[in-house]
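Q: have a look; sequence and predicted model below, questions after that.
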Amino acid sequence: MKIEMERTFVALKPDTVQRGLMGKIITRLEDKGFKIIAMKMLEVSKEQAEDHYAEHKGKPFYDGLVKFIMSAPILAMVIEGVNAVAEVRHILGATDPDKADVGSIRADFSPIMACNSIHASDSVESAKREMAIYFDLDKELCTNWKTMMELVIDAR
């Protein structure tokens, strides 16, 4: 497997926010070694929802996707780490929680397919497109990270 630092877009969906599961899911991502370099809670506009799900336009489930993501706030994040796109999707598990591996986020937290807790980009290209829907990529990414030791030394 090629090791590459990547960024991906992750959204904790309305069901996750409403059920108070944000911290548990964020902890899993951070425990795996990913950095959150941007995060905000927001109410998704119709334009954002339509842009987000543009590849599904015309499919029978499109209207339901748009309506659901607009139904309550989401927590939008940009995650950075080694092979972030594939690794984050692996941690999430299959889209259908009934088919997700035991221990995956969707298997553990998603009651049904319609409320599958979390979205993550499926490719680097999708990640770039989705990040730009929710974030100003020139202003809202926190990329000046230092190690804990560097912070201690700088503080002296």
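A: It's in.

Q: tell me where this structure has strands.
A: 5-12, 35-42, 74-82, 118-120 (DSSP state E).

Q: buried stuff in the first one?
A: Which is strand 5-12. E6, R7, T8, F9, V10, A11, L12 (16 or more other Cβ atoms under 10 Å). C-betas here are computed from N, CA, C, even on glycine.

Q: any chance of those in CSV, plus pLDDT and distance to H56?
A: Output for those, formatted as CSV (pLDDT from 0 to 100; distance: Cβ to Cβ, whole Å):
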residue, pLDDT, distance to H56
E6, 94, 23
R7, 96, 23
T8, 98, 19
F9, 98, 16
V10, 98, 18
A11, 98, 15
L12, 97, 20
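
Q: closest to A155 out of these?
A: Closest approach to A155 among the buried residues of strand 5-12 (Cβ to Cβ): R7, at 28.2 Å.

Q: ok, what's across the strand from the closest one?
A: When assigned by DSSP bridges, R7 has beta-bridge partners E80.

Q: so for E130, which of the strands of the chain sits nearest?
A: Evaluated over those, closeness to E130 peaks at strand 5-12, with 3.9 Å, by Cβ to Cβ.

Q: re earlier: pick out the most distant pair among the buried residues of strand 5-12.
A: Applying Cβ to Cβ across the buried residues of strand 5-12, the maximum distance is between E6 and L12, 19.5 Å.

Q: can you put the buried residues of strand 5-12 in a markdown table and add distance to V124?
A: Compiled in a markdown table, the buried residues of strand 5-12 are given as follows (distance: Cβ to Cβ, whole Å):
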| residue | distance to V124 |
| --- | --- |
| E6 | 6 |
| R7 | 8 |
| T8 | 8 |
| F9 | 11 |
| V10 | 14 |
| A11 | 17 |
| L12 | 21 |
